[in-house]
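>>> got a predicted structure here, sequence first:
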Amino acid sequence: MMKVYLFLPVLLLLVSCGSSGGHSDLREYIAQVKARPAGRIEPIPTYPPYESFIYASASKRSPFDKPVDIQRRVYAKANKNVSPDFNRTKEYLEGFDIAGMAMVGTLQQKQQLWALVKDGGGGIHRVSAGNYLGKNHGKVVSVDKTKIELIEIVSDGLDGWVERPRVLALAEKD
């Protein structure tokens, strides 16, 4: 008797699904869709072949650096007496690359003008003439309200040293 009670709902389900009475509207819609003309697929567009670009201006100023007006000073170029003082105690700002530094303002106490320099780590320090900054033995020559002028001592590539002027200009507000 238990088998009959289980078999009866399955039988009713199969009978109700098997009737073909109410699907005529569905069959008509399928016939209409099949009777429509086939669509046209556009061909894949052709593109010109990739032409690589060779950047031949690597020795020039980077296009991403801001141009700076530099008032040039005349310094001795290839002097045999030029060399960094390795016995001098290094200052804190000599641990940072000068490209990552920015002059953010000035401060004047009595007659002394200090420049405010933002290091690469986010700290702000004050410098004046005679201080050192940057990894190339850069000594501050003068401080102005808009710029810091310094002289870096860099290797000339032939076991010698050359003085190179550098300007750290006041950063524009973003």
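Here it is on my side, so go on. Remember, predicted model here, so these are calculated numbers, not experimental data.
>>> for Ser155, phi and psi?
phi -70, psi 140 (degrees, to the nearest 10).
>>> now do Ala38
Backbone torsions for Ala38, taken as degrees, to the nearest 10, come to phi -70, psi 140.
>>> what is the neighbour count of it?
Other residues near Ala38 number 5, with proximity taken as other C-beta atoms under 10 Å. (C-beta placed from N, C-alpha, C; glycine too.)
>>> now the one 3 residues further on
Residue neighbour count, defined by other C-beta under 10 Å, stands at 6 for Ile41.
>>> and the pLDDT for the one residue sitting closest to the centre of the chain?
Nearest to the geometric centre of the chain sits Phe64, at 10.4 Å (C-alpha atoms, centre = their mean). We have a pLDDT of 79 for Phe64.
>>> so where's the protein shaky on pLDDT?
Scanning the chain for pLDDT under 70 picks out 15-22, 58, 66-80, 174.
>>> circling back: any idea how far the residue nearest to the centre of the chain lies from Trp161?
Distance check for Phe64 against Trp161: by C-beta to C-beta, to the nearest Å, it reads 29 Å.
>>> check Leu6 too.
Leu6 sits 100 Å away from Trp161, going by C-beta to C-beta.
>>> and the two? Which one has more around it.
Trp161 (18 against 9).
>>> what sits opposite that one in the beta ladder?
Trp161 has these beta-bridge partners by DSSP bridges: Ser155.
>>> again with the one 4 residues further on
Using DSSP bridges, the bridge partners assigned to Pro165 are Ile151.
>>> only the buried residues of stretch 132-145, if you could.
For stretch 132-145, the neighbour count (16 or more other C-beta atoms under 10 Å) marks Tyr132, Leu133, Gly134, Asn136, His137, Gly138, Lys139, Val140, Val141, Val143 as buried.
>>> got it, and stretch 113-124?
Result for stretch 113-124 [16+ other C-beta under 10 Å]: buried residues Leu113, Trp114, Ala115, Val117, Lys118, Asp119.
>>> what ranges does the protein have for its strands?
For the chain, strands defined by DSSP state E occupy the ranges 102-109, 112-118, 124-127, 132-133, 138-143, 147-155, 161-169.
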